[in-house]
Every structure is written in structure tokens, then in C-alpha cells.
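S.K.: sequence and predicted structure below; questions after.
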Amino acid sequence: MSFFKQTHLNHLKIVAFIGLNTLFSPDATAQNPQSNQQDLKLWYNKPSEKWIEALPVGNGKIGAMIFGGIEDELLQINESTLWSGGPVKTNVNPESKTYLPKIREALLKEEDYTKANLLTKKMQGFYSQSYLPLGDIHIKQNFNNAKPTSYYRDLDIANAVATTTFTINGVTYKREIFTSAPDNILLIRISATKKGALNFTVSSSSQLRFTPKTIGNNELVINGKAPANADPSYYNPGGGRNPIVYEDPTGCDGMRFQYRIKASAKDGKVTVANSEINIQNATEVTLYVAAATSFNGFDKCPDKDGKDENKIATDLIQKAAKQNYSDLFKKHITDFKKYFNRVTFTVKDTLKANKQKTIPSNERLKEYSNGAYDPGLETLYFQFGRYLLISSSRPGGPPANLQGIWNKELRAPWSSNYTTNINAEMNYWPAEVTNLSEMHQPFLDWIQDAAKTGAVTAREFYGAKGWVVHHNSDIWGLSNPVGDRGDGDPVWANWWMGGNWLSQHLFEHYQFTGDKKFLAEKAYPVMKEAAIFTLDWLVEDANGYLVTAPSTTPENKFKDKNGNEQAVSIATTMDMSIIRDLFRNLIEASQILDIDKEFRAILIAKQSKLYPLQIGKNGALMEWYKDFEETDIHHRHVSHLFGLYPGREITPSNTKFLDASKKTLEIRGDEGTGWSKGWKINWWARLQDGDHAYNLIRQLLNYVDPLARNSGIGGTYPNFFDAHPPFQIDGNFAGTAGMAEMLLQSYNGYIQLLPALPKAWKEGQVKGLVTRGGFEISMNWNKQELQTVAVKSLNGAECILVSNVPLKLENTYITSQKTDKGYQIIFPTIKGTSYQLVRK
């Protein structure tokens, strides 16, 4: 049941019980959010050699990877709207819908999975487009091969600033770099402790087609063009096909881009020559970097109908250059801390090792991987995930992709796209709970676009109403099954639940914020259309159940009765779990809004006929319609546990399926890619096994050597990026979300405090986490037991807390009551008011 639906169920009788003399603190949690914040820095004692050692800064539009070189500093930069291609093509496979009845006959009547698999390949379209690198900025200082006597570089994630300092011949040089969201500008300040000691050049290049030019005596401009098409790195069919194509005869595809670098020196001389900016005999120099593309929306040609990237970049840099560094920095800090400082999380280091200031972060990570106790590293990783979300996903920009906004490859792994069978959704798991709801907005906006293209795909590919998204998408909202019309393996290319899963995020945003306007105008209409497609997609099996056919489970295969590996079947558990989740959310939304009673009745009736969860002969949750033998029992995807997390179908009160879920995870094992381990942290947290979840945190934080070839073993690179391998940012976000899930859960109609606290976190505190129902929670614990709780009501809903120890609401007679869930306390709240609870 929705929190907001429950809000007033017991409100009146509790108010009467409290009486009029109750006193509430107006804001008991109002404290300096940095007062208990540890030193949140990644720091190193040598420059990075590999990209996965460089340090990321970003503002949701401009991203930069900073290498920290001495004589040759490299900043690899991105602009978040720079993708190949253009609006999604229509009518790319007009024969697709004719194969659907043939596939269903092969599955439901003939049980011929091989035939179904071959026919399903006939229902594929083109691949997604690719997220692209913008360019490289080189800052070259000539020290005549003199060696530094000291060196230090860091990323201060509490202030979103990267700093490099080194000393040569007695002079200390310093570079400070940040990306300002208020001014949409990248700032680089370079200084020296000796007057006139700065002599360097600034140049730039791009892997894309580009033309450099200089303006005046202090500005370098790069103009360029993105490809009209970029094939995925894994798709190389040969036959003379060029994977990168720039020409589009229609003048539509292939967006333009521009970035500008402008130098301002307090002293010395600034000149330009040979497409370089030259700095001579300066003491302090600020470089302003602005970037823009012609992207003008998912449905507009970026070339002929694109925005004026020259005007955008020119206006940005002219506006920024009129301001001094300190003023720009002040605005940046105010903006960033407004979000970052909402949450603090500390665990007491019982060994008092204090490794943050004594051991470089890469060495610290290695020690941790070898078994060292370092809770500060774990909380640093938690906050790094929040830092990355703030830096890669800002209102008004596109959502974070597979690599956030940081990518150096022309053909990035998996096109650095939106992979909607887990990864795109995983990026936003920490958004609401870690108090970054605004960063969820780009994804929620993009879902609106995907629903529009998805309606065309539903109609053209299946003759269905509503909208559908498959497993890959991009900034253009691609929604068709990929595979270049027959070359994709259906085990990943053909999967029909993307739109339904995306719809969950719309309802989750409402659950956390209580924004009824958003629910009515943005969420409900899109969720309803996803359900309309689903109603068209479902068919009856021989037993009268509603099933999906065809159906796949990402990205695992089973063996048929002849021992052949198969992908396409009927009613995979993930399909049915996602559909139940969508129907349940939509039913609740219609009740909250008091609309659509007839459609609600249809959903309720259909919901009762959906093929249910099944337990196999090994005691685990079945992944397929039948108890098939799976080809890889340790597969990285465990998609059939969707109902455990992020769904809410499998709960502690449903012990049969909870036990089956646990058995599933035990059989699968803890091994896997980085993002797979991140998902498993959340599952074990929902199973309320904090020690197992913690063990997976340690595995997720396993050091991965940047020089090693991809081993398939997930972990963390020296710069704390998640190692799939290669780099995928979803593992970072899943790790942060998983830690929050260990501390706080609110999916089951009440708020559970410390549901999966591991023994390793004996004493600690967390402030500012947010729950469904609209509550901001702060709490501390000691010796594994909750001590105090502060609850700030964001919407005035009724608060239901469950804990392992009895609590008392201060200044009232309200205390916890023992239930089968634990100690439960219920009290009404007033919007904007904070409440203190203590051990009874």
C-alpha cells in the first residue's frame, strides 16, 4: 500500500491520544551537515597513466577526466548531449508484426523453442546510437626534464574540486579544476608560488571531425561534427561496412559541436599561434572552457534543425569570463553543497586507523582488498556514488548513461548508451533515498520521450497499443529491439519489459516526494500506456493464466528437453514480476488520484490471472515458465529476483518466496561483474542479512589493476570507478543504494530502521536519508543497536517506524508496540516539522 494512501488512516485517533500539550521540535535535525563529515577525498602521489586512474568532475553537461600530468596535463572532456545519429527512424521492419503469431504458435502449441528463437530474430530493428567523446585539452609546461620534489593530486568530493600540486626547483605549481553548474563552465586555475614562473601552452584535439581556430589573442575554438551513425563496438559484420559514418544525405543526422577555451592571466603575456594558447611569465592563469552541441531534442534533426552551438558556447564563455575565479567558485560551491551536504554517513573506526591522510587512495583500496579494516573507505565510496550522480545528472540535461558522462572511446563499450534491462534503472536507485531527487529528473523526463518513440514501436513492430522499450536506448529514445534486423541474439536483443520497468521510476518518484501534480500529469498517463501495451501483449496459456509469449530473461539461457541452449520461452519470472509491479503501482496511483475506476477494475481482474511465482525442485525461485536447467548457474544477471528488489512483491511476510530468493542467491553465488555485485548487495539487504550484504560491499570494493586485461571479475578501479570490467558507472550507484538499503527500508508500507546493519558497522550515524512517504531520517547507533532517531516530515504524512529496539517519541506518551515485524511506533506529523525519538 502507498504511504500517501495510508496517511490519514490512524491520524485522528493518534492526535486524540497525544493531546494538545504535545511539544514538537521545529527542526531537531538542523545542524551543520559538515560537522560530522569525514575528509572526503580521493588522493594520489603520482599522475595517472590510465583513464581509469584519472579523476572525474562534471556538472551534468560538461564532464572532464583529469590526469594530473606534470609537464603534460591531459583533460579528456565530454558534453552530455554529444551522441551520434539523429531521431529514431520509423518503419524499419514492416514485416515484424507478421511473425508474432507464428512465434506464439511455436511456443504455446508446439513447444519448439528453436523455431521461436529463429523467428524472434525477425522482429529486430537497428542498433542504438553512441555517446561520444568531445575532445582532449593538453596543458604543456616545459621544466627541462626537472623532477618534482613533491607531488599530490586529489578529488575533493565534498566540494567537487580536483587539485594537482607539485614542486620543481623550489617553485610549487597548483592546478584547481571544477565544473560549475550555475554557469555551465569548466574552470581551470593554474598558479605558481614564484612570480612569473608559469610558461605553458594550451592545445586541443578531438577524435571526431573538427576544425580549430583562434580568436583574438587568448581564445581557442574547436568546431566539429558527430557521425550520422556509429555502430556498437561489438558489431563488426564486415563486408565493407564502415562502423563510423559521417555523411547523411538528408542533412538530418550528425550533430554539430563546439567548445571554446579562453585564457585570462593576472600578469605575464597571453598569445595565440598555431592553434595554441601560449602563456609566458605569468603567476596565475584561469582557463574558461565552454561546450555546446546542436542537440535540440529527441525528435528534431540535430543538423538542419539543431540549436546554434556557436551562440550557446560564445554566450557561456563571455558571461563566465566577466566574473573572477573566486566568484565563480563561490557559486559552484553553494550550488553543489546544496545537494551533497544533505546526507552524511559515518562509521566509527574502532581501530582508529585514520588511513585517509596517510595512504594514497589506490594503495588504501589495495589494502582493503587484502582484508584491512577501513570503514572510512566504505563511507567514502557511498558518498562518491552521490558525488557521481550530482556530477552526471542535472535537471535540464540528459540522464546519466552507462558511463555517467565520462567516455573516451569513439566506439565505447556497449555504445555507452542506456541499457534498460537493468543498467539505466540502476543508475537512479540512489537518487531518491540519498536525498538527490532533483538528479532523478533527467531520467524521468527522458522516459517521457521514450514513451513517444515506444508508441511507434508498439504499433509498427507488434500491432499493439500503448508503448514499449526493449533493452537498448539512447538520447533519441530508441525503443525497438536492436540487432540490425536479424543479427542480434534474442537473449539480449528481444526483451519487451523496458517500458514497464521505466514506469516504476515514475511511481517511485511520487512515493518519495508525494508530488500529486507529477503523478497526475507525468507519471500516470505514461504508466497507463505501458499497461495498455502489456494488456495487448499478454495471452492465455493452456491453464488460463495470462503469460508473455515470446519472453526472455536478461541475459540467461536454459536447456530444452533435447539439451539445446535456448533464449525465447514463455512467461519468464522477470516479465511477470515487472508486470505485477506495474499493475500494482497503477492501481494505487488511480486510487490516490481517484480516477479511472473502470481501467483500475480491468487491471485488478487481469492481475489475478497473471502467471504466479514458482519454486523449483532445488528450492530456488524459478527463472522460467518451466523448471528448466539453466546454462550458467552463476550468471551475472539474477533477473528473476526483480520482485525482491527493486520490486516489492517478495517481502518478509512472504517467507516461502523469501526463502526461495535466498536459495537462488546462494546457488548463483557472489561472483559477478561490478554492477551484479551491486544488485546483490540490495537483495541481501532486503533479505535483512547485513553481514552477507557487507561481504559483497567488500567484494565490490575489490581493487582492479588498471593494467590488467578484463578478467570478468568485478570490482573498483584506482579512481573508484566501478569495474564491470570495463568501466560502468551503474555499479557505483548500486553500491551506494545498497548501503542505504542496509540502513533504511520503506518499500513495505512502513519505515524499517537499520534492517540489515552488519557487525562491521558497530557504531555510526547517518543523516538525511529519505523514505517513501516523504520523511527525512537521521539516526545513530552504538553496539549494533539504535540509539536515537530524528524524523523530519516533508509532506505531513503519518509516520510508521519499525525498529529492533523500543522507541519513545519525545514529549509524548507514544511508544513502540511489539509486533511480528519488530517494535512499531505510529504517529501523525506536520509538514516541515521534525520529531525526536529515543530508546524507551
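M.R.: Cool, the structure landed.

S.K.: buried residues of the lengthiest helix in the chain, list them for me.
M.R.: The residue-count maximum for a helix in the chain (DSSP state H) belongs to helix 437-462. For helix 437-462, burial by neighbour count (16 or more other C-beta atoms under 10 Å) applies to 437, 439-444, 446-447, 449-462. No exception for glycine: its C-beta is placed from N, CA and C like everyone else's.

S.K.: what of stretch 613-630?
M.R.: For stretch 613-630, by 16+ other C-beta under 10 Å, it's 613, 614, 615, 616, 620, 621, 622, 623, 624, 625, 628, 630.

S.K.: list the contacts of that stretch.
M.R.: Contacts to stretch 613-630, defined as C-beta atoms under 8 Å, 6 or more residues apart in numbering, come from residues 547, 551, 553, 556-560, 569-574, 576-577, 611, 639-641, 643, 649-650, 656-657, 659-661, 663-664, 667.

S.K.: ditto for stretch 423-432
M.R.: 385-386, 389, 393, 399-402, 404, 418, 436-437, 439-440, 443, 473, 501-502, 504-505, 508-509, 511-513, 646, 675, 678-679, 682, 728-730, 733-734, 736-737, 740, 770.

S.K.: state the distance from residue 430 to residue 721.
M.R.: 16 Å (C-beta to C-beta, to the nearest Å).

S.K.: please disregard the earlier target; I meant residue 660.
M.R.: The value you get for residue 660 to residue 721, if C-beta to C-beta is used, is 35 Å.

S.K.: okay, those two: which has more neighbours?
M.R.: residue 721 (30 against 23; other C-beta atoms under 10 Å).

S.K.: still on that earlier bit, so which of the contacts of stretch 423-432 are in strands?
M.R.: 418, 473, 770 (DSSP state E).

S.K.: quick one: which of those residues is nearest residue 379?
M.R.: residue 770 (18.0 Å; C-beta to C-beta).

S.K.: which residues touch the closest one?
M.R.: Taking C-beta under 8 Å, 6+ apart, one finds 432, 433, 434, 435, 437, 512, 776, 777, 794 in contact with residue 770.

S.K.: which one among those gets closest to residue 46?
M.R.: For these, the nearest to residue 46 is residue 434 (32.0 Å; C-beta to C-beta).

S.K.: on that earlier part again, could the ones in strands among the contacts of stretch 423-432 go into a markdown table alongside pLDDT?
M.R.: Listed next are the ones in strands among the contacts of stretch 423-432 as a markdown table, based on pLDDT from 0 to 100:
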| residue | pLDDT |
| --- | --- |
| 418 | 98 |
| 473 | 98 |
| 770 | 98 |
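
S.K.: what is the nearest of those to residue 358?
M.R.: Closest to residue 358, out of all of those and judged by C-beta to C-beta, is residue 770, at 34.6 Å.

S.K.: quick check: closest non-adjacent residue to the closest one.
M.R.: Nearest non-adjacent residue to residue 770, counting by C-beta to C-beta, 6 or more residues apart in numbering: residue 435, 5.1 Å away.

S.K.: what does residue 504 give?
M.R.: residue 581 (6.0 Å).

S.K.: what are the phi and psi angles of that neighbour?
M.R.: phi -60, psi -50 (degrees, to the nearest 10).

S.K.: let's see the pLDDT reported for it.
M.R.: Residue 581 carries a pLDDT value of 98.

S.K.: list the residues that contact it.
M.R.: 500, 504, 642, 643, 647, 648, 649.

S.K.: among those, who's most crowded?
M.R.: Going by other C-beta under 10 Å, residue 500 tops the contacts of residue 581 with 27 neighbours.

S.K.: distance of that one relative to residue 483?
M.R.: With C-beta to C-beta as the criterion, residue 500 and residue 483 are 21 Å apart.

S.K.: with residue 799 instead?
M.R.: 49 Å.
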